[in-house]
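*Asks:* Need the 3D shape of this:
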Amino acid sequence: MAHLPDAPVPSSMASLRSDDALALPKVSGQFVTEIHEGSVPAFAATALDHLHGSLFASLRHLQLCDEFSAATCTWVCYQQGEICGVLLFRLEPQRLLVLTEMVSLPQAQIEAFTHAVLARYPQVKTIVFNAVCVKAGDLAYPSLRYDFSENYILDLPDTAAAYLARLGKSTRKTIHSYGNRLRRDFPDLCWRAYEKDELAPAAQRALVLQLQAFKRASMAARHKEAAIDATDTRRLLQLASECGLFGIATVNGEVRAGSVACRIGAHYVMLLSAADPALENYRLGLLACYWSVCDCIARQARQCHLLWGRYQYKSQLQAVPHALTRLTLYRSYRVMFAMPAEVFKIVVTGQLIRCHRWLLYDVHDNADCCSRLIAATVNTLRGWRRRQGSQKPEPLTPLETQHGKNSS
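*Replies:* Residues are numbered from 1 along each chain as shown. As a prediction, this is how the structure comes out:
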């Protein structure tokens with residue numbers, strides 16, 4: 001795998017230049033940029049991991065998702081001789097799709113990239129960023145955007161003790177009291193972290209299956225259905241075998257909780273974390289996630305990505321939500337106004353998503369009578385939907401479906 005978590009990014013521009021660059025570097029304001037058509041140089045793939053630490057920005061993710069092809073191009077941005085930005089993209093007839101996702105992009109880099117690709121590809125009318133954290137106000141180009149999800153990111157201190165001290169008083173009390181109660185009732189409880197080379201592939205697969213079963217059972221208890229996809233599971237196992245960190249909690253030798261994370265640069269991405277619903281009264285799910293974060297700190301990680309989904313434990317563990325935005329930029333207002341159907345679709349989609357997220361989350365935080373009535377109605381409808389869903393037969397896990405119910 002191309003991830004090199006401990007290798008520094010080269011600092012001299014000469015050492016970063018690639019022979020397969022098909023154009024001389026272009027100067028865009030404070031940046032020098034270059035485009036590599038139909039290739040992703042090794043130095044750019046490494047820089048992606050170091051700059052962002054995002055699984056969904058990594059070349060390996062694109063390869064596993066079959067999104068990488070000979071048509072994949074690379075934009076590299078330099079500032080004072082050092083790489084400060086890398087984006088992968090694919091050209092379509094009149095559209096440019098940015099493949100690098102779940103990264104934070106400052107306004108200056110967005111505009112430098114837009115300027116560079118529009119100058120090089122006169123046929124491109126629109127540029128689409130599918131899922132990015134946009135640190136920008138009004139851009140120099142016409143644009144439309146809307147937030148549709150979030151990525152919870154946890155900045156990590158140098159030690160687990162410093163992390164514990166940083167948590168809220170209530171969270172610290174929960175971790176101590178439930179941890180002590182768990183150890184008192186189960187004296188042989190053991191939590192252990194394993195690097196990818198310390199856990200056999202069969203054991204990795206068995207752990208993923210068990211954690212998926214825990215998550216499915218936990219969701220079913222709340223009349224929800226866990227979305228477990230066979231293709232995603234295969235990708236998870238492949239990633240885990242290449243750059244995984246496994247956490248396992250056992251009682252009497254049986255797995256009762258665990259986690260799977262992968263290292264990208266100096267960051268860890270939490271791919272799976274679950275606990276036995278039978279031990280829910282011990283808050284084992286929260287404890288397992290806390291122990292996993294401590295394992296990341298022990299390996300000198302700078303951040304831990306808990307991904308999307310508004311769950312209370314993420315806020316308890318001090319993870320901060322970063323809005324994920326879909327951003328579309330246009331070559332000019334003339335081009336934008338010449339696409340009324342597309343513009344209308346983007347605007348309506350953004351409003352529908354905003355309304356949906358308000359009904360699911362924000363309305364419950366308002367104290368006025370109207371909001372309370374809407375929240376009660378939403379809760380009633382969700383409860384009815386869950387009860388309807390709980391009547392469906394329980395599906396097999398993806399790997400069981402592929403390999404047979406009794407496969408090991």
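
*Asks:* can we go C-alpha only for contacts and neighbour counts from here?
*Replies:* OK.

*Asks:* Quick one: list the elements packing against whichever strand in the chain runs longest.
*Replies:* For the chain, the strand with the greatest residue count under DSSP state E is strand 143-155. For strand 143-155, the packing partners by 3 or more Cα pairs under 8 Å, 6 or more residues apart in numbering; DSSP states H and E come out as strand 303-307, strand 320-330, helix 340-360.

*Asks:* give the contact list for Val255.
*Replies:* For Val255, the contacting residues are 207, 210, 248-249, by Cα atoms under 8 Å, 6 or more residues apart in numbering.

*Asks:* again with Pro93
*Replies:* Here Pro93 is in contact with 123-124 (Cα under 8 Å, 6+ apart).

*Asks:* Residue ranges in the stretch 151-300 of the chain under the pLDDT threshold?
*Replies:* 223 (pLDDT under 70).

*Asks:* quick one: the helices in it?
*Replies:* 160-166, 169-185, 201-221, 230-243, 284-298 (DSSP state H, counting those that start in this stretch).

*Asks:* any idea which of those helices is most buried?
*Replies:* When those are scored by mean count of other Cα atoms under 10 Å, the highest mean neighbour count falls to helix 284-298 (a mean of 22).

*Asks:* low pLDDT regions in the stretch 301-408 of the chain?
*Replies:* For the stretch 301-408 of the chain, residues meeting the criterion pLDDT under 70 lie at 362-408.

*Asks:* do that again at 90, thanks
*Replies:* By pLDDT under 90, the low-scoring segments of the stretch 301-408 of the chain are 308-312, 353-408.

*Asks:* Now do the contacts for Glu92.
*Replies:* Neighbours of Glu92 in contact, by Cα under 8 Å, 6+ apart: none.

*Asks:* quick one, phi/psi of it?
*Replies:* phi -120, psi 170 (degrees, to the nearest 10).

*Asks:* circling back: just the helices and strands packed on strand 143-155: most buried one?
*Replies:* strand 303-307 (a mean of 23).

*Asks:* List the buried residues of whatever helix or strand comes next after it.
*Replies:* Next helix or strand after strand 303-307 toward the C-terminus (DSSP states H and E): helix 312-316. In terms of neighbour count (16 or more other Cα atoms under 10 Å), helix 312-316 has its buried residues at 314-315.

*Asks:* Name the residues that touch helix 312-316?
*Replies:* The list of residues contacting helix 312-316 from outside it, by Cα under 8 Å, 6+ apart, reads 152, 167-168, 171, 286, 306, 320.

*Asks:* Make a markdown table out of those and add distance to Ala203.
*Replies:* Below are the contacts of helix 312-316 laid out as a markdown table (distance: Cα to Cα, whole Å):
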| residue | distance to Ala203 |
| --- | --- |
| Tyr152 | 29 |
| Leu167 | 33 |
| Gly168 | 36 |
| Thr171 | 32 |
| Leu286 | 23 |
| Leu306 | 24 |
| Val320 | 33 |
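
*Asks:* List the buried residues of the longest strand of the chain.
*Replies:* 143-154.
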